[in-house]
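Engineer: Starting from these lines, generate the structure:
(chains A and B)
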2 protein chains.
Amino acid sequence: MKKVKITDLKIIKTSNGDVMHVLKKSNSEYKGFGEAYFSQINYKKVKGWKCHTQMTSNLVVAHGAVRFVIKDDENKSTGYCEFILSKENYKRITIPPGVWFAFQGLEKPFSTILNISDIEHKPEESKNVDIEKFQFDWRLK
Amino acid sequence: MKKVKITDLKIIKTSNGDVMHVLKKSNSEYKGFGEAYFSQINYKKVKGWKCHTQMTSNLVVAHGAVRFVIKDDENKSTGYCEFILSKENYKRITIPPGVWFAFQGLEKPFSTILNISDIEHKPEESKNVDIEKFQFDWRLK
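Structural biologist: Residues are numbered from 1 along each chain as shown, chains lettered A, B, ... in the order given. Here you go, the predicted model:
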């Protein structure tokens, strides 16, 4: 997986509630600020496949647990990279333009992802195909 | 409350999970990107009082329910403004420098706030006093 970057993030424990790093301007994965939004994903449901043509997404799980599946190259790659992220495995995924990805909720009733993207949402810059378009076994063990 | 701004945010319902707006570059409340982080607040616990001298914070509840209490003017004001935010009452609070605020978790085991601030965290730019410093009844009914 050449283009996608996974970064460990710090959790600072305090007695009143933890502080969890997400993204700083000085991080190399920060490509500018366009928009921040939450995407919730219901248990067992999948959102995808999506491929942005301009947007770099910085994704962090705000609540719950999420399975991210990344197809690094639509034509050449034969496989997928899979990550299960949560507070217990707290990391940031940086997805540049040109990468197909999808994600699945692993907690009831839903999990919440924060996306900090370098451009504001515009529907025409992302390609979307049905989840059946790429073969992947989404059944949960 | 002159300086603090409360903004309704859109929630877009979908069958796989909702999309919840947070902040766009084109919003007037966006003052630049310095850092994004989560602050979790345990049930009944309070974080505060805090007053930033440089930072503008854009705060959104990512999970749970949070009581925000804002003291708009340390010297002149005799009262407080109070907001309970959650997915059911989904809004953004924009707190400019010079405003004392504190917040309390209202859900078990904790709630999660997203802070998008216009500068990176630096401890010397914020003033912190004990919660007893300003009189406020934090007991939950």
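Engineer: tell me the contacts of the most centrally placed residue in chain A?
Structural biologist: Here the mean C-alpha position of chain A is nearest to the C-alpha of residue A:59 (Cα atoms, centre = their mean), at a distance of 4.2 Å. Counting by Cβ atoms under 8 Å, 6 or more residues apart in numbering or on different chains, residue A:59 touches A:68, A:92-95, A:113-115. (Glycine included, C-beta is placed from N, CA and C.)
Engineer: go on, residue A:19?
Structural biologist: The contact partners of residue A:19, taken as Cβ under 8 Å, 6+ apart, are A:11-12, B:37-40.
Engineer: ok, now residue A:113?
Structural biologist: Taking Cβ under 8 Å, 6+ apart as the definition of contact, the neighbours of residue A:113 are A:38-41, A:59-62, A:66, A:103.
Engineer: so what's it bridging to?
Structural biologist: Beta-bridge pairing of residue A:113 under DSSP bridges involves residue A:39, residue A:61.
Engineer: in stretch A:110-124, what's buried?
Structural biologist: A:110-119 (16 or more other Cβ atoms under 10 Å in any protein chain shown).
Engineer: show me where chain A has strands.
Structural biologist: A:5-8, A:11-12, A:19-24, A:35-42, A:46-52, A:57-63, A:65-71, A:81-86, A:91-95, A:100-105, A:110-117, A:126-128 (DSSP state E).
Engineer: just for chain A, where's the confidence low?
Structural biologist: When residues are selected by pLDDT under 70, those of chain A lie in A:1-2, A:72-78.
Engineer: What residues does it have near chain B?
Structural biologist: A:15-26, A:30, A:32-42, A:45-47, A:62-63, A:105, A:110, A:112, A:114, A:116, A:120 (Cβ under 8 Å from any Cβ of the partner chain).
Engineer: Just the buried ones from those?
Structural biologist: When burial is judged by neighbour count using 16+ other Cβ under 10 Å, the buried members of those are A:16-23, A:25, A:30, A:33-42, A:45-47, A:62-63, A:105, A:110, A:112, A:114, A:116.
Engineer: dump the residue contacts of residue A:48.
Structural biologist: Applying Cβ under 8 Å, 6+ apart, the residues contacting residue A:48 are A:69, A:100-103, A:131.
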